[in-house]
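Trainee: turn this into a structure:
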Amino acid sequence: MLNWTIKKFEELTPFELYALLRLRSEVFVVEQNCVFLDMDNKDQFSHHILGWDGAILAASTRLIAPGKVYKEMSIGRVVTSPARRNAGYGKALMLFSIDACYRLFGEGPIRIGAQLYLKKFYESLGFIVCGDVYDEDGIDHVEMIRP
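Mentor: Next comes the predicted model:
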C-alpha cells in the first residue's frame, strides 16, 4: 500500500522534487532510451501526486487544470518505479489520480496523451481513443479521453 500525497509545485520540498525528477528521468530518459527535456514548464502550474513506499517514491502523476494545456483537465507524466512494478501500483496511481482530478477541478472529461502500448490499460480505466497515433520523442502515443 502506498502513502499518497498531492502537492502543488511550490509545496514540494527539495527532497520530494528531487525524487520526482529522478524517477521521471529514470523511466522516461534512461529506461525508455529517450533523450528529451522532461522539465517542460508545466510542472509549475500542476498538482503532483506522489506515491511513497516508505522513503522510496514508487509512483507519480502530474494533474493539470482545464484550460492550462487542454480544454479538459489532464493527467500526465504517469510513472511507476521499475523497482516497484507488478505490484498493482500503476492502476492504483491512475484511480487515485482520476479521483484527485474530480476533487480538485470538478466533474468533467480527463484527457491524456498515452503511450500506445498502454492503450488497453487506459481503456480498462474508462479512457477512449480520441485521435490518431502520433510520434512523441520516438515513442508512439495516442490521445485518449475519459468522458
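
Trainee: strands along this protein, start to end?
Mentor: Ranges of strands within the chain are 3-8, 47-53, 56-64, 73-80, 110-115, 128-136, 139-146, based on DSSP state E.

Trainee: how far is the third one from where the chain is centred?
Mentor: Distance, stretch centre to chain centre, for strand 56-64: 6 Å (CA atoms, centre = their mean, to the nearest Å).

Trainee: between it and strand 110-115, how big is the angle?
Mentor: With axes from the mean of the first three to the mean of the last three CA atoms, to 10 degrees applied, the angle from strand 56-64 to strand 110-115 works out at 120 degrees.

Trainee: which strands or helices does strand 56-64 pack on?
Mentor: Under the contact definition 3 or more CB pairs under 8 Å, 6 or more residues apart in numbering; DSSP states H and E, strand 56-64 sits against helix 14-24, strand 47-53, strand 73-80, helix 89-105. To be clear about C-beta, it is placed using only N, CA and C from the backbone, and glycine gets the same treatment.

Trainee: what does the shortest one rub up against?
Mentor: The one in question is strand 47-53. The set of residues external to strand 47-53 that reach it, using CB atoms under 8 Å, 6 or more residues apart in numbering, is 2-9, 12, 16, 19-20, 57-64, 81, 84, 89, 92-93, 96-97, 100, 104.
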